[in-house]
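> Sharing a model prediction with you, sequence too.
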Amino acid sequence: MGVRVSGRGLSVKQRPVLDEVRALAPRALSLVEGYMGRSAGRVEVMVMDLGCSHDLLVAVHQELLGTRNLPTHRWEHGAVFGHTTFSASESLVLLDAVRLARQPGELPPTVVHEFAHAVQFARPGARELAVRYLGDDYGLIRIGRREVRKANRETARDEQEARDMEFLADQLVKEVA
Ligand SMILES: [Zn+2]
């Protein structure tokens, strides 16, 4: 269904990250979709400082949860290169321009990894479940302990699946270079 790539507030040093993501993204998505046997639907990629993504993410979460009252300081990123979520109409892949400018070798596997998460969100029921877990994260609803354990297992499994797909980055780089 295609992928759109844009940058937000990039410095001159971070600009090459955007250029490379633009060059790799279409083929990366088709490789991942081919491997997983499912379309991700529409994917929007934003190259930005992940440390400045709080407001954006809270806006997306508010839309998903149908509320306007989420705290803006809630979201914490660990030492990651990317983060994938979704809006009502598409998958949303945020790539960290700061870290990727410092470690350009991480860019191809990161794009593959995050696109794998985008395809995971396209599975039947995956988004509904993610919204439910998100509501629990924010304390809007309470899910039971058994469901929390199930959610943690699924998150770990999805994370492993995305990691296992990073080998596609070698082929991606060879094809697009
Ligand atoms: Zn991941």
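Thanks, I have the structure now.
> How about the contacts made by the closest residue to Ala25 other than its chain neighbours?
Leaving aside its chain neighbours, Ala25 sits nearest to Val3 (4.8 Å; criterion: C-beta to C-beta, 6 or more residues apart in numbering). No exception for glycine: its C-beta is placed from N, CA and C like everyone else's. Contacts for Val3 (C-beta atoms under 8 Å, 6 or more residues apart in numbering) come out as Ala25, Pro26, Leu29, Arg42, Val43, Glu44, Val45.
> do the same with Leu50
Taking C-beta under 8 Å, 6+ apart as the contact definition, Leu50 lies against His77, Val80, Gly82, His83, Leu94, Leu95, Asp96, Val98, Arg99.
> likewise Val112?
Under the criterion of C-beta under 8 Å, 6+ apart, the contact list for Val112 reads Ala28, Leu31, Val32, Met165, Glu166, Leu168, Ala169, Leu172.
> Contact residues of this protein facing the ion?
For the chain, the residues in contact with the ion under the definition C-beta under 5 Å from the ion are Glu159, Ala162.
> Just the mean pLDDT for the helix or strand harbouring Val148, thanks.
Under the assignment given by DSSP states H and E, the secondary-structure element containing Val148 is helix 145-164. Here the mean pLDDT over helix 145-164 is 94, rounded to a whole number.
> what angle sits between the helix of greatest length in the chain and helix 145-164?
Assignment by DSSP state H gives helix 15-36 as the longest helix of the chain. Angular relation of helix 15-36 and helix 145-164 on a 0 to 180 degree scale: 110 degrees, by axes from the mean of the first three to the mean of the last three C-alpha atoms, to 10 degrees.
> Report all helices and strands that helix 15-36 contacts.
Packing contacts for helix 15-36, counted by 3 or more C-beta pairs under 8 Å, 6 or more residues apart in numbering; DSSP states H and E, involve strand 3-7, strand 43-48, helix 97-102, helix 107-121, helix 168-176.
> could you redo the ones you listed as JSON lines and give each row mean pLDDT?
Rendered in JSON lines, the data for these read as follows (pLDDT from 0 to 100):
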{"stretch": "strand 3-7", "mean pLDDT": "97"}
{"stretch": "strand 43-48", "mean pLDDT": "97"}
{"stretch": "helix 97-102", "mean pLDDT": "96"}
{"stretch": "helix 107-121", "mean pLDDT": "98"}
{"stretch": "helix 168-176", "mean pLDDT": "96"}
